[in-house]
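J.: Coordinates for the following, if possible.
(2 chains)
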Number of protein chains: 2
Amino acid sequence: MRVLLSSLIFGLATMSALADGKQPIVLRDMGSFHVGGRIVEVSGQPVREVVFTPGGVPAKVDPNGAYQVEQMYVQYFLPQDRRGKLPLLMWHGGGLTGVTYETTPDGREGWLTMFIRKGFDVYISDAMERGRSGWTNMFKGEPVFLPQSDPWVRFRIGDADSWNADPAKRTTYAGMQFPIEAYDQFIKQGVPRWLTTDDQIVAAYIELVDKVCPCVVMVHSQSGSFGFKVAEARPDKVKALVAVEPTLGGDRAKVALLKNTPVLVVYGDNTKDHPRWSKIRQGGLDYLAVLRGAGGSVDVVDLPDAGLKGNSHMVMMDKNNGEVADLIGKWLVTRGLAE
Amino acid sequence: MRVLLSSLIFGLATMSALADGKQPIVLRDMGSFHVGGRIVEVSGQPVREVVFTPGGVPAKVDPNGAYQVEQMYVQYFLPQDRRGKLPLLMWHGGGLTGVTYETTPDGREGWLTMFIRKGFDVYISDAMERGRSGWTNMFKGEPVFLPQSDPWVRFRIGDADSWNADPAKRTTYAGMQFPIEAYDQFIKQGVPRWLTTDDQIVAAYIELVDKVCPCVVMVHSQSGSFGFKVAEARPDKVKALVAVEPTLGGDRAKVALLKNTPVLVVYGDNTKDHPRWSKIRQGGLDYLAVLRGAGGSVDVVDLPDAGLKGNSHMVMMDKNNGEVADLIGKWLVTRGLAE
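T.: Presented below is the predicted three-dimensional model:
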């Protein structure tokens, strides 16, 4: 009887997984690597004795010598049923890591697995200086640490007066799609960032593109700027650019380089009246008009105009993230980049 | 004809994947989350205007308020064909991240996918303060940055005189299994570490164990100490401990707590004559003798005695990493923890 009961429970668990609508993810391969970076020499420092584990055996550490700096971490997932014609590279925004695209803070599927399920070889990276890319004390300036409250308004969950230390007293824009019950969980994804390291970040992304492209590059927020810079540097390899809430466009003097790289730009809700985002969006639109004028192929989607209302800056975590992923997926099919 | 040719090429690509001996990895789910940490209040600091993207729209950042610190990142992969009876948690060593267990620096499979293929639900984490767990300027003391040369001797690739800045002039122990041609690539996996954060690291691991266990915990190097501490704190949840080259054992006053937690300890080659590792190994053996005396179930494998010669400290990256994974896998079967 106990055996029967446990079989029944196991059966129910399996049925529950199926009831979630989750099909297995079948990968022909998965793995990771680091790209880029350089060696920096340090000299004239004293040798130290370091106890790495309390009570452990001391080790002599000579801080002089060569240091590896500025490399970037990349993790990849290659589906068995490949329907994306090119790999999809996912680049995250400032103060965050590749985790942006993984499971949402409230535990739903994120865009990483959604695009694997759509048949894309996905390469997800932590920008140089962040997450598994490591960091060094040789960057210029000081790292920025953001308080818990900062993204609530800056990422357009609520307006200027909406934050409160008491979660019950925080307010949001109407119909907000960000999973606010998991806001404190989202904040755990944050990592320090510098304001001086754009060149090294772009250099590492270019090394990645040289290694795995031709490809489609998806960028978000701060990496919008990086995506355009890398496409300008490797226009033959970046075959399409999906820019989700990019903070800036590319170089107006270089738009001719991008005329064979179709661009999809997606903005969430509440950008137009927002004191900061209205300027960011307009700056993007102004750049895109110049790109279009040079023969570039540009599609701009304000999600509310597509019937998707209430999206925050963190579109890939919003409760309708699947609908936005479908919109992007369809654009890639239309552009001949997926079946 | 073009269709036929592309079918032929696709067919060859599929055959090539099969020729690699790689079967697809079938997952019933994969994802990630953060656990643990706490909120710290900061006050009395001036508001700053920050331009996050050069040429971008300035944002006001008030550094006062609540900061999230000390959380830990965890990524999980759950195979469809589950043969491990409990989840397997993989904890890395000092100055590294979960990347330790991923693809080896020379591009072979690492233990993450090997143990997924063995049917284990694998939870792989970046210790608090490292990688995707983020870090804060509120830790005590200074972070440690290690020069490129440091691990060569400390991780027993070669003896005290074996390092040379010129890769062609570096020497190794006889029969070295570490992929030395990819040593510089391995160094890219390094991240800064503090020497003051053990308590917070252990606290985050305990939160993970409370969330996903009962389980088997695999530890390496620095996390050896953490594995024993967490098992002492949660002896009912850590059902087995696989300690790969642990730097220290547990608390001798608490061995009675671990008598129902079987322990496998694995050491690589060249430990016995190494000035530092001979002491680390002996300290481990002395602790394990006390644990055994209290009724603990302990197996110690010096890999050379099992016919596996030339292993460095980074056993999971060595060229015979599959053979060591098999040895561990068989031990887990023997202990009734896998089919």
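
J.: Need the distance between the two termini of stretch A:250-268.
T.: As for stretch A:250-268, its first-to-last residue distance stands at 20 Å under the measure CA to CA, to the nearest Å.

J.: now do stretch A:246-254
T.: For stretch A:246-254, the end-to-end distance is 18 Å (CA to CA).

J.: Ok, stretch A:75-94 next?
T.: Distance across stretch A:75-94, first residue to last, is 19 Å (CA to CA).

J.: What residues of that stretch count as buried?
T.: Neighbour-count burial for stretch A:75-94 flags A:75-79, A:82, A:84-94 (criterion: 16 or more other CB atoms under 10 Å in any protein chain shown). Every C-beta, even on glycine, is put in place using the N, C-alpha and C of the backbone.

J.: next one: stretch A:138-151
T.: For stretch A:138-151, a neighbour-count test (16+ other CB under 10 Å) marks A:139, A:143-151 as buried.

J.: Same question for stretch A:245-257.
T.: Neighbour count says stretch A:245-257 has A:245-250, A:254-255, A:257 buried, by 16+ other CB under 10 Å.

J.: Also stretch A:204-216?
T.: Of the residues in stretch A:204-216, those buried (16+ other CB under 10 Å) are A:204-209, A:212-213, A:215-216.

J.: Same list (those residues) but as CSV, adding distance to chain B and secondary structure.
T.: As requested, the buried residues of stretch A:204-216 are exported to CSV (distance: CB to the nearest CB, whole Å; DSSP: H, G, I helix; E, B strand; the rest coil):
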residue, distance to chain B, secondary structure
A:A204, 11, helix
A:Y205, 15, helix
A:I206, 16, helix
A:E207, 11, helix
A:L208, 13, helix
A:V209, 18, helix
A:V212, 13, helix
A:C213, 18, coil
A:C215, 17, strand
A:V216, 20, strand
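
J.: Include distance to B:T53 and pLDDT when you put those into JSON lines, please.
T.: Output for the buried residues of stretch A:204-216, formatted as JSON lines (distance: CB to CB, whole Å; pLDDT from 0 to 100):
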{"residue": "A:A204", "distance to B:T53": "17", "pLDDT": "98"}
{"residue": "A:Y205", "distance to B:T53": "15", "pLDDT": "98"}
{"residue": "A:I206", "distance to B:T53": "18", "pLDDT": "98"}
{"residue": "A:E207", "distance to B:T53": "21", "pLDDT": "98"}
{"residue": "A:L208", "distance to B:T53": "20", "pLDDT": "98"}
{"residue": "A:V209", "distance to B:T53": "20", "pLDDT": "98"}
{"residue": "A:V212", "distance to B:T53": "25", "pLDDT": "98"}
{"residue": "A:C213", "distance to B:T53": "24", "pLDDT": "98"}
{"residue": "A:C215", "distance to B:T53": "23", "pLDDT": "98"}
{"residue": "A:V216", "distance to B:T53": "22", "pLDDT": "98"}
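
J.: about what we covered before: farthest pair in the buried residues of stretch A:138-151?
T.: A:F139 and A:S149 (25.7 Å; CB to CB).

J.: Assess the claim that A:A174 and A:P304 are in contact.
T.: No. The pair A:A174 and A:P304 fails to qualify as a contact (CB atoms under 8 Å) at a distance of 11.4 Å.

J.: who's more crowded, these two?
T.: A:P304 (17 against 9; other CB atoms under 10 Å in any protein chain shown).

J.: my read is that one is in a helix, agree?
T.: Yes. Applying DSSP: H, G, I helix; E, B strand; the rest coil, one finds A:P304 inside a helix.

J.: A:K272 is in contact with that one, correct?
T.: No. With contacts counted by CB under 8 Å, A:P304 stays clear of A:K272, the gap being 9.2 Å.

J.: Could you pull up the mean pLDDT of stretch A:300-309?
T.: For stretch A:300-309, the mean per-residue pLDDT is 98.

J.: now the stretch 151-300 of chain A, which segments are flagged as low pLDDT?
T.: Of all residues in the stretch 151-300 of chain A, none has pLDDT under 70.

J.: 80 instead?
T.: By pLDDT under 80, the low-scoring segments of the stretch 151-300 of chain A are A:248.

J.: and A:R193, bridged to which residues?
T.: Note on A:R193: beta-bridge partners by DSSP bridges are A:V144.

J.: Can you get me a residue count around it?
T.: 23.

J.: ok, it touching A:M128?
T.: No. If you go by CB under 8 Å, A:R193 and A:M128 don't touch, sitting 10.8 Å apart.

J.: List the residues that contact A:I328.
T.: A:218, A:242, A:244, A:264, A:266 (CB atoms under 8 Å, 6 or more residues apart in numbering or on different chains).

J.: So which of those are in strands?
T.: A:218, A:242, A:244, A:264, A:266 (DSSP state E).

J.: what ranges of the stretch 1-150 of chain A fall below the confidence cut-off?
T.: A:1-21, A:52-55.

J.: can you give me the helices in it?
T.: A:2-19, A:111-117, A:150-154 (DSSP state H, counting those that start in this stretch).

J.: counting contacts, what elements does the second one pack onto?
T.: Using 3 or more CB pairs under 8 Å, 6 or more residues apart in numbering or on different chains; DSSP states H and E, the elements in contact with helix A:111-117 are strand A:25-42, strand A:65-79, strand A:88-91, strand A:122-126, helix A:321-334.

J.: neighbouring contacts of the third one?
T.: Contacts with strand A:88-91, where a contact means CB under 8 Å, 6+ apart, come from A:98, A:100-101, A:111-112, A:115, A:120-125, A:127, A:205, A:208-209, A:212-213, A:215-220, A:223, A:226-227.

J.: So which residues on the stretch 201-339 of chain A come close to chain B?
T.: Within the stretch 201-339 of chain A, the positions near chain B by CB under 8 Å from any CB of the partner chain are A:222, A:225, A:247-248, A:276, A:279-280, A:283.

J.: ok, now which ones touch A:P262?
T.: So A:P262 contacts A:240-241, A:297-299, A:335 (CB under 8 Å, 6+ apart).

J.: try 6 Å
T.: A:240, A:297, A:335 (CB atoms under 6 Å, 6 or more residues apart in numbering or on different chains).

J.: any idea what sits nearest the residue nearest the centre of chain A, other than its immediate chain neighbours?
T.: By CA atoms, centre = their mean, chain A has its centre lying nearest to A:H92, at 2.2 Å. In space, and not counting its chain neighbours, A:H92 is closest to A:T100: 4.0 Å by CB to CB, 6 or more residues apart in numbering or on different chains.
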